[in-house]
Each structure stands twice: as C-alpha cells, then as structure tokens.
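> Return atomic coordinates for the entry below.
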Amino acid sequence: MGVLSAVHKGLIVSCQALEDEPLHGPMLMAAMARAVQFGGAVGIRTNGKYEVEVIKKITNLPVIGIKKVTNEAGKMAITPTFSLAQELVEAGADMIAVDVRRERPFGEPLEELIPRIREELGVPVMADCAALEDAQAAVEIGVDVIASTFGFRLNDLGTEPDFELLEGMLKLGVPVIAEGGFWYPEQVVQAFEMGVWSVVVGSAITRPLEITKRFVRALG
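Here you go, the predicted structure:
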C-alpha cells in the first residue's frame, strides 16, 4: 500500500518542536508520535532526519518528512534543497513536503527540485502552499498532493483553517491534504465533508506551549 492510500480519510498528526521549545528532540517527538498512534493517527509529519528515523522505527506509520531551514534574515523555508530531501528519505520518510510558496525566501528552483525528489528518491511530494496560486503552480510542475500548510487565517486566539482556500484547491484535480489552523474536531469533520484526502493537525495535539497560550489569550 502506498503512503497516500495509507493516509486516505485519516488523521495525520504533526509532531514537531523547534529548538527553542521544551519538547525539542527526537526521543520526545517519538514518544509523542507513539501516543498519537495509540489515539488513532494514520500518519506522522515531522521535522528533521533524526526525528524521522526514530518515529519511523517506533511507530512504523507513514511519515511525511520535512526540514525547516532558517536563513540569516530569519526567513524560513521547508525542505529547500534536494540534499535535505535525500537525508529525510534515507532516514525513512515515505513522503517529502516541500515549500512551494511564491514568497519562498530561498531554495533550489521548484521546477528542478520536485521532479528530482519524485524520480531520483522515488517518493511522493507534498506541496506546502499558502495560496491557490501556489497550488496551481505546483500542480503544473507535477506533485502528488497539495496541502494548505501556510494557508491558515488569523483570529483572536491564533489561527483557524481557510476553508475557502481548500475549496479552490479541491478543484485542481489532485489529492488535497488540509493543514494549517485546525484546532477543533468539527473543523476536521468539515474538511473531510468537503472532500479532502486527509487532514494534518499539529499544535492542537502536540504543542502544549501553544495550547496553553490559547487558553491564556482566551482569559484575556
């Protein structure tokens, strides 16, 4: 069974913690991944080759591998080079997510990077989009799935999904993974009712720092 088939109509959980967060590190993220596996997650999205390796070994779930890179100007891009994608695949990643934003601050040309990952590494590519134009361009290049990763909206408590963006992406003829701003189960249900392939939930499940901040904001 391919990775896309394995995660179809299921919940993918993003298990990530950046270097400045208390839960940073592959073993802590692996424990988090194991916990969400027990809860029914069908796949894991995680950041870094060591996290990919340990999570894959402990859970044996499909793993979407990414590598977040920040430049000297403080701008971040997801898996901007082939060598980073190769490291993730060698660590056990079943799919690679690539930043395809028009405003992507740096990285190898997407027209070269995406085909190389698919052809030379033999894994599907997930296009992390911020807008419908990003998704359209990624589909033209040739990707296996498009995701609304950067396409969330802001509200008083933090973020929420952009269902209008998802509606537009669903018309492009490739599987859509809904991601970005999902905090409530009813939002996940709504996305599935629209016809998305699967849904990624991250902070609402695996980032207690952000969860606590939302409660504090709500208190005023």
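> Go through the helix ranked longest in the chain and flag the buried ones.
Taking DSSP state H as the criterion, the chain has its longest helix at helix 26-39. For helix 26-39, the neighbour count (16 or more other C-beta atoms under 10 Å) marks 26, 28-30, 32-34, 36-37 as buried. Glycine gets a C-beta too; all of them are placed from N, C-alpha and C.
> After that helix, heading C-terminal, what element do we hit next?
strand 43-47 (DSSP states H and E).
> Please list all residues in contact with the residue nearest the centre of the chain.
In the chain, the C-alpha nearest the mean C-alpha coordinate belongs to R45, at 5.6 Å (C-alpha atoms, centre = their mean). R45 makes contact with 12-16, 63-64, 66, 97, 179, 200, 202, according to C-beta atoms under 8 Å, 6 or more residues apart in numbering.
> With pLDDT and distance to A127 added, can I get the buried residues of helix 26-39 in JSON lines?
Formatted as JSON lines, the buried residues of helix 26-39 follow (pLDDT from 0 to 100; distance: C-beta to C-beta, whole Å):
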{"residue": "P26", "pLDDT": "93", "distance to A127": "26"}
{"residue": "L28", "pLDDT": "95", "distance to A127": "29"}
{"residue": "M29", "pLDDT": "96", "distance to A127": "24"}
{"residue": "A30", "pLDDT": "96", "distance to A127": "27"}
{"residue": "M32", "pLDDT": "97", "distance to A127": "25"}
{"residue": "A33", "pLDDT": "98", "distance to A127": "23"}
{"residue": "R34", "pLDDT": "98", "distance to A127": "28"}
{"residue": "V36", "pLDDT": "98", "distance to A127": "24"}
{"residue": "Q37", "pLDDT": "98", "distance to A127": "26"}
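> what's the closest of these to V89?
The closest of those to V89 turns out to be P26 (C-beta to C-beta; 16.8 Å).
> Correct me if wrong: the closest one contacts Y50.
Yes - using C-beta atoms under 8 Å, P26 is in contact with Y50, at 4.2 Å.
> Which stretches in the chain count as strands?
Per DSSP state E, the chain carries strands over the ranges 11-15, 43-47, 63-66, 68-70, 76-78, 95-99, 125-128, 145-147, 153-154, 159-160, 176-179, 198-201.
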